[in-house]
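Colleague: Here is my input, please return the structure:
(one chain, ligands or ions: 1)
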Amino acid sequence: MTIRYSRRSFFAHARTALASIGFSSLMTPMQSIGATISPGEDDGVDYYAKLGVQEIINAAGTYTFLTAAIMPESVQMAVARAAKHPVRLEELQLAAGSYLAKRLHCEAALVSAGAASALTLGTAACATVANDQHGERIPPLIPQGMASLKNEVIMQKGHRYGYDHALLSCGVRIVEVETLDEYRAAFTPKTVMTHFFNAATSGTISREDWIRVSHEHNVPSMNDAAADMPPISNLWKYTQMGFDLVCFSGGKGIRGPQNAGMLLGKKELTAARNNNPIDNVVGRGQKVAKEQIVGMVAAVDWLLSQTDEGMEKEFRGRADRITNYLSGVPTLTSQVYVPEVANHVPTLLLRYDQKKVKIAPLEVAKMCRDGSPSIELHPATGSPEPGLPSDANTIVVGVWMLQPGQDLIVAKRLRQILMKAAGTQAS
Ligand SMILES: *Cc1c(COP(=O)(O)O)cnc(C)c1O
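Modeller: The predicted model follows:
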């Protein structure tokens, strides 16, 4: 389905579509949180259509491979406006950093090209400061690379993860510890940083102990909290707890540009010495353009105009509407689950007796993907996933990235598929 709507016709269409599936009584007023409007005729060339790239309904979440979040309208407008004028890049970087630092109650901030870039720039900064005679050249332009310099980063074994490479690209090596005693003993004259994975589901050393011991050795401590908003206050919780650097993704729950993120913390460690526009540094390939810097700032402004309660209510409302619409599906049970740390938002899990409703969740996900419009369910559908109580018998619907009215499109599709598998035609 590639119909485009002007703002007015989108609302009109949404109303008609909802009425036609018997849902007019469940409609709530459009809330600012989800109010992203499909472009109209006058918004230029539709390059997705021109390139033959399929638009999807994101019933999954802020996944990078699904282009994560849609920017709210105010952020889209700020990005478009920034595109119209050149500025001096460093002036913009510094101004955006000090504005964000003020709004997020930390000493300093840097807009990076995503959380992974923030991890690289943070590691490079710690290595730069520890090896001060080498300036910003991390890894250095000498034959031994980092081997001859201070190059050790301490991590809990259970915190090793899929973003290790963002640190390792600076030429550091990771020293693993498990117990607090091992941690204390792991510091050497070559230690440049300690690193904590905020959403880790294993590892026994607390954040507070991690920071305290690091500081006893005069070593800065970084925390990767990329996906850990909401709650909104997490944007200052971890810097105020004492982490010297905290990394956030800009394009996940904060709903900024997907290629933006934030490195928050100490002035000296967010000073962009290893970043563009300087050439021949590790961050040079991670450029954040003026549009994304402005978009990141505008997204933080947008987010700080929201409330945790308002967002939670909206997401629960979507989950409830889907569940209600599926009430006729034999044996179906639903659960709304809020993961502990990362993606801390109401997430809908659906289970049913596959002897009665004869289709596996993975097959449901495939049918949703192959249909029109194409719907992507949460990737935990049909499989266990850390932080979620899902398994081979669970359909998982991530509701928080749905746009207005899409909850009912998803509900309708699921109902069709499940009723058919139960031998009953969906009405
Ligand atoms: C998503 C994520 C990242 C990477 O974020 P980007 O903004 O896409 O670079 C890093 N660490 C964790 C824990 C994440 O969840």
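Colleague: got the contact list for Tyr163?
Modeller: Each residue near Tyr163 by Cβ atoms under 8 Å, 6 or more residues apart in numbering is listed here: Ala115, Ala116, Leu119, Phe197, Asp224, Ala226. For every residue, glycine as well, the C-beta is placed using N, CA and C.
Colleague: Recalculate using a threshold of 6 Å.
Modeller: Ala116, Leu119 (Cβ atoms under 6 Å, 6 or more residues apart in numbering).
Colleague: Run through who's touching stretch 170-177.
Modeller: 123-124, 127, 138-139, 145-146, 151-155, 157, 183, 186, 282.
Colleague: Check what pLDDT the most centrally placed residue in the chain gets.
Modeller: For the chain, Lys252 is the residue whose C-alpha lies nearest the centre (Cα atoms, centre = their mean; 2.6 Å). Predicted confidence (pLDDT) for Lys252: 97.
Colleague: now, which of the contacts of stretch 170-177 lie close to the ligand?
Modeller: Among the contacts of stretch 170-177, no residue sits close to the ligand (Cβ under 6 Å from any ligand atom).
Colleague: Of those, keep whichever come out buried.
Modeller: 123-124, 127, 138-139, 146, 151-155, 183, 186, 282 (16 or more other Cβ atoms under 10 Å).
Colleague: Counting only strands, which of the contacts of stretch 170-177 make the cut?
Modeller: Glu152, Val153, Ile154, Met155 (DSSP state E).
Colleague: The ligand: which of these is nearest?
Modeller: Of all the ones in strands among the contacts of stretch 170-177, the ligand sits closest to Met155, with 13.0 Å by Cβ to the nearest ligand atom.
Colleague: Bridge partners for the closest one, pull those for me.
Modeller: Assessed by DSSP bridges, Met155 has beta-bridge partners Glu176, His195.
Colleague: thought it was touching Thr194?
Modeller: No. Look at Met155 against Thr194 with Cβ atoms under 6 Å: they stay out of range, at 7.4 Å.
Colleague: how about the residues of the stretch 151-300 of the chain near the ligand?
Modeller: Counting by Cβ under 6 Å from any ligand atom, the stretch 151-300 of the chain sits next to the ligand at Tyr163, Ala199, Asp224, Ala226, Ala227, Ser249, Gly251, Gly261.
Colleague: Tell me the spacing between the first one and Val172.
Modeller: I take that to be Tyr163. Look at Tyr163 and Val172: by Cβ to Cβ, to the nearest Å, they are 13 Å apart.
Colleague: which non-adjacent residue is nearest Tyr161?
Modeller: Nearest residue to Tyr161, sequence neighbours excluded (Cβ to Cβ, 6 or more residues apart in numbering): Phe197, at 5.4 Å.
Colleague: so what's that neighbour up against?
Modeller: His159, Tyr161, Asp224 are the contacts of Phe197 under Cβ under 6 Å, 6+ apart.
Colleague: Equivalent analysis for Ala108, please.
Modeller: If you count contacts by Cβ under 6 Å, 6+ apart, then Ala108 has Ala101, Lys267, Thr270 around it.
Colleague: Select only the buried ones of those residues in ChimeraX?
Modeller: Typed into ChimeraX, the line below selects the buried ones among the contacts of Ala108, using 16+ other Cβ under 10 Å:
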select :101,270
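Colleague: Once you drop chain neighbours, what's closest to Lys157?
Modeller: Here the residue nearest Lys157, using Cβ to Cβ, 6+ apart, is Glu176, at 4.4 Å.
Colleague: Which residue lies closest in space to whatever residue of the chain ends up closest to the ligand, excluding its sequence neighbours?
Modeller: Nearest residue of the chain to the ligand, counting by Cβ to the nearest ligand atom: Gly114, 2.7 Å away. In space, and not counting its chain neighbours, Gly114 is closest to Gly261: 4.2 Å by Cβ to Cβ, 6+ apart.
Colleague: hey, what's the one you found bridged with?
Modeller: Under the criterion used here (DSSP bridges), Gly261 is bridged to Ser112, Ser249.
Colleague: what about it, neighbour count?
Modeller: Residues within reach of Gly261, counting by other Cβ atoms under 10 Å, total 30.
Colleague: Can I get stretch 391-409 in CSV, CA atoms only?
Modeller: Output of stretch 391-409 as CSV, limited to C-alpha atoms (Å, rounded to 0.1, in the frame of the first residue of the first chain):
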residue,chain,number,x,y,z
ASP,A,391,9.8,-18.4,23.6
ALA,A,392,8.9,-20.6,20.6
ASN,A,393,5.1,-20.2,21.4
THR,A,394,5.0,-16.4,21.8
ILE,A,395,4.1,-13.6,19.4
VAL,A,396,5.7,-10.4,20.5
VAL,A,397,4.3,-7.0,19.4
GLY,A,398,6.4,-4.0,20.0
VAL,A,399,3.9,-1.2,20.2
TRP,A,400,6.0,1.9,20.9
MET,A,401,7.1,2.7,17.4
LEU,A,402,3.7,2.3,15.8
GLN,A,403,2.2,5.4,14.3
PRO,A,404,-1.4,6.6,14.9
GLY,A,405,-3.9,4.0,13.7
GLN,A,406,-1.3,1.3,13.0
ASP,A,407,-2.2,-0.6,16.2
LEU,A,408,-5.5,-1.5,14.6
ILE,A,409,-4.0,-2.4,11.2
